[in-house]
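Peer 1: prediction below, plus the sequence it came from.
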Amino acid sequence: MDVSVIGCGYVGASVAACFADLGHDVVAVDVDEERVEAIEDGRPPLHEPGLDELVAANAGERLRATTDYDAVPDTDLTFLAVQTPSNDDGSIDTSVVEAAAGMLGEALAGTDEHAVVVKSTVIPGTTADLVAPAVADAAGMTVGEDLHVGMNPEFQREGSAVGDFLDPDKIVLGADGDVEAYAALHEAYDPLREALDHEVPVVETGTREAEMIKYANNAFLAAKVSLANDLGNVCKEYGVDAYEVTDAIGLDHRIGAPFLRSGVGWGGSCFPKDVAAIIAAARAKGYEPELLAAAVSINDRQPERLLSLLDRHVDVAGERVAVLGLAFKPGTDDVRNSRAVPTVEGLRERGAEVVAYDPVAAGNMRERFPGIEYAESAAAALEGASGAVVVTDWPEFADLDGEFDAMADPIVVDGRRVVERREGITYEGLTW
Ligand SMILES: NC(=O)c1ccc[n+]([C@@H]2O[C@H](COP(=O)([O-])OP(=O)(O)OC[C@H]3O[C@@H](n4cnc5c(N)ncnc54)[C@H](O)[C@@H]3O)[C@@H](O)[C@H]2O)c1
Ligand SMILES: O=c1ccn([C@@H]2O[C@H](COP(=O)(O)OP(=O)(O)O[C@H]3O[C@H](CO)[C@@H](O)[C@H](O)[C@H]3O)[C@@H](O)[C@H]2O)c(=O)[nH]1
């Protein structure tokens, strides 16, 4: 099948490379020349484990990249995977999606038939009420006749995007009764399903439902972590180990073990943006989503709880404090909405001299905080520090041991339960 993907970011690049690897002829379109050039050269346009092999193996053959939308009419199906960033009030800015839809429509003018599928995360109604008319108007096509419109949300995580795409828990296909749109999506995903040795549930639904499934999925997971944090904070007050508690409740199949790790909270480019967007969307309709708002406020206060544990042991004003981990989670250099940001801000407000270390994300954090010190290793960050806070659960922090001896005062406040409580350090776990 000939497939085009508009947007070569975290989602678009991996989706395009995976579809090409599955045997489709894929053209990836982006306005960013560097990203296009990278793919054309057989290099991934961004850091994502496994993407390098897929791009290298398929570029120049089944995977092409271009800034020219004229490549699109030669394909049967186009996925729109451009960004949907937050406005100041948390709602999503749909201007990029709208612009891309218009450019796509202009390119499709004169085409006999085409299917357009939204992959970006968008509020219910965006596909049917904004994207479909934008493409149809610019193309001079008619939705449901020669233009088939669908919504296919993406559930991959950064750091495991390729594996998540190729072995998903579910595939959600939204189309408002348009048989051709469902058929095009099935044709795109059939090779993926055939390559697996187990069945993948396919949910056929409407575009509004598909859009909401994506937000509900992220909101549920974010709220699950916030509930684990709320319970964890109570555990801490009573001297109870929250991890023993959540390990046990996770055995109940109605609860499930994943996303119960309490600590300094959730960050990244998706949970904060998507929970804010669905809250703003609810409020726009006059509904106050109290539980989701509470999930956000619990998340917002975890970094301050971490620092208040440090305050119990040391007045950090004028003292050197090590921040271990800057990425929003291990396995990525992404610092967007990382809990390290409020943690560093809180330390600076207290007058601490911050020395930060992350195995891959220091470069990105330097743009946010150019004025703090970045160490080359965890050991260098800890040397002479009067306290350390652990913000990201990088596995290498679990191996730290003698390095704590070089601290001026070995106080370790762990926001991710990665360092073990031991003799010789004053250890505080955030919820244990
Ligand atoms: N990052 C994730 O892990 C993830 C996972 C699931 C869903 N999503 C959602 O997918 C969407 C894309 O996210 P992302 O992280 O890949 O974004 P991104 O910012 O990494 O990539 C978007 C790309 O679209 C390109 N673009 C912008 N306007 C364009 C246009 N008119 N024509 C062609 N290309 C254009 C940009 O140059 C950029 O390369 C968002 O809605 C996001 O919420 C993201
Ligand atoms: O038990 C847990 C699990 C996660 N987190 C934190 O939650 C955040 C998000 O983690 P994760 O979901 O692994 O990363 P993302 O790459 O942001 O992926 C989420 O957001 C994507 C974009 O929408 C979705 O596609 C994915 O399904 C969804 O998991 C990170 O800060 C984690 O540290 C915890 O604090 N405790």
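Peer 2: Good, I have the coordinates. Just so you know, these numbers come straight off a predicted model, no measurement behind them. Ligands and ions are numbered 1, 2, ... in the order given.

Peer 1: chain neighbours aside, what residue packs nearest to residue 432?
Peer 2: Nearest non-adjacent residue to residue 432, counting by C-beta to C-beta, 6 or more residues apart in numbering: residue 241, 4.5 Å away. The C-beta positions use only the backbone N, C-alpha and C, and glycine is treated the same way.

Peer 1: for burial, what's the neighbour tally of the one you found?
Peer 2: Using other C-beta atoms under 10 Å, residue 241 has 15 neighbouring residues.

Peer 1: okay but it is in contact with residue 235, surely?
Peer 2: Yes. Between residue 241 and residue 235 there is a contact under C-beta atoms under 8 Å: 6.8 Å.

Peer 1: pull up the overlap in contacts between those two.
Peer 2: Taking C-beta atoms under 8 Å, 6 or more residues apart in numbering as the criterion, residue 241 and residue 235 both touch residue 432.

Peer 1: of all residues in this protein, which one is closest to ligand 1?
Peer 2: Proximity of the chain to ligand 1 (C-beta to the nearest ligand atom) peaks at residue 9, 1.7 Å away.

Peer 1: let me see the contact set for that residue.
Peer 2: Taking C-beta under 8 Å, 6+ apart as the criterion, residue 9 is in contact with 30, 35, 45, 46, 81, 82, 83.

Peer 1: and ligand 1, which of those residues reach it?
Peer 2: 30, 35, 81, 82, 83 (C-beta under 6 Å from any ligand atom).

Peer 1: among these, which are located in strands?
Peer 2: Judged by DSSP state E, strands contain none of the ones next to ligand 1 among the contacts of residue 9.

Peer 1: most surrounded residue in these?
Peer 2: residue 81 (29 neighbours).

Peer 1: what residues does the protein have near ligand 1?
Peer 2: Residues of the chain lying near ligand 1 (C-beta under 6 Å from any ligand atom): 6-12, 29-32, 35, 81-84, 96, 99-100, 103, 120-121, 154, 156, 158, 269-270.

Peer 1: now the buried members of these.
Peer 2: Buried subset of these (neighbour count, 16 or more other C-beta atoms under 10 Å): 6-12, 29-31, 35, 81-84, 96, 100, 103, 120-121, 154, 156, 158, 269-270.

Peer 1: those residues in helices, which ones?
Peer 2: Judged by DSSP state H, these include 10, 11, 12, 35, 96, 100, 103 as members of helices.

Peer 1: show me the two of those that sit farthest apart.
Peer 2: Distance extremes for those: the farthest pair is 10 and 103 at 20.7 Å, using C-beta to C-beta.

Peer 1: and stretch 399-413, end to end?
Peer 2: 16 Å (C-alpha to C-alpha, to the nearest Å).

Peer 1: tell me the buried residues in it?
Peer 2: For stretch 399-413, by 16+ other C-beta under 10 Å, it's 400, 403, 404, 407, 410, 411, 412, 413.

Peer 1: quick one: contacts of that stretch?
Peer 2: Taking C-beta under 8 Å, 6+ apart as the rule, stretch 399-413 contacts 306-307, 309-310, 313-314, 319-320, 322, 378-379, 382-390, 419, 422, 424-428, 430.

Peer 1: pLDDT on it, on average?
Peer 2: Here stretch 399-413 scores 97 as its mean pLDDT.

Peer 1: could you do stretch 119-133 as well?
Peer 2: According to the model, stretch 119-133 has a mean pLDDT of 98.

Peer 1: give me the distance between the two termini of that stretch.
Peer 2: With C-alpha to C-alpha as the measure, stretch 119-133 spans 17 Å from end to end.

Peer 1: which residue is the nearest non-sequential neighbour of whichever residue of the stretch 1-150 of the chain sits closest to ligand 2?
Peer 2: Using C-beta to the nearest ligand atom, the single residue of the stretch 1-150 of the chain nearest to ligand 2 is residue 121, 5.9 Å away. Spatial nearest neighbour of residue 121, chain neighbours left out: residue 214 (5.2 Å); criterion: C-beta to C-beta, 6+ apart.

Peer 1: what pLDDT is listed against the one you found?
Peer 2: pLDDT at residue 214 comes out at 98.

Peer 1: which strand or helix spans it?
Peer 2: helix 207-237 (DSSP states H and E).

Peer 1: for that helix, packing partners?
Peer 2: Judged by 3 or more C-beta pairs under 8 Å, 6 or more residues apart in numbering; DSSP states H and E, helix 207-237 is in contact with strand 147-151, strand 171-174, helix 242-249, helix 271-284, helix 290-311.
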